[in-house]
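# give me a model of this one.
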Amino acid sequence: MEYAEKVKSMSDEQLKEETYGLHEAVRIVECFGPEDVAKLEVCKAALLGRGYDVDEKPILSIEK
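Okay, here's the model as predicted:
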């Protein structure tokens, strides 16, 4: 299953948890690969599509 399809099937809570985890790996711990950056962007786009505001500065904030 392609990652974008997996994201579509996630609940809002699952998607938020996935986004927080990827954000931590990419932006805070800095232990990631190119695929993680792409996944983070897919998650952020999906959240925006579901009506959430996603702000990464200074910390990740996901609000509806």
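
# contacts, neighbours, all on C-alpha from now
Will do.

# so what does the longest helix along the chain touch, helix or strand wise?
If you go by DSSP state H, the chain has its longest helix at helix 34-49. Using 3 or more Cα pairs under 8 Å, 6 or more residues apart in numbering; DSSP states H and E, the elements in contact with helix 34-49 are helix 3-9, helix 12-23, strand 53-55.

# do that again at 10 Å, thanks
helix 3-9, helix 12-23, strand 53-55, strand 61-63 (3 or more Cα pairs under 10 Å, 6 or more residues apart in numbering; DSSP states H and E).

# so what strands line up beside the last one?
What it means is strand 61-63. Paired neighbours of strand 61-63 in the sheet (DSSP bridges): strand 53-55 (antiparallel).

# please identify the buried residues of the partner strand?
residue 54 (16 or more other Cα atoms under 10 Å).

# could you do stretch 52-62 as well?
52, 54, 62.

# before we move on, back to that, among the helices and strands packed on helix 34-49, which is nearest residue 37?
Closest approach to residue 37 among those is made by helix 12-23 (7.8 Å; Cα to Cα).

# the inter-axis angle of that closest one versus helix 34-49?
140 degrees (axes from the mean of the first three to the mean of the last three Cα atoms, to 10 degrees).

# for helix 12-23, give the mean pLDDT please.
Mean pLDDT, computed over helix 12-23, is 98.

# for the remainder of this discussion, apply numbering that starts at 29.
From this message on, residue numbering opens at 29, which makes the last subject helix 40-51.
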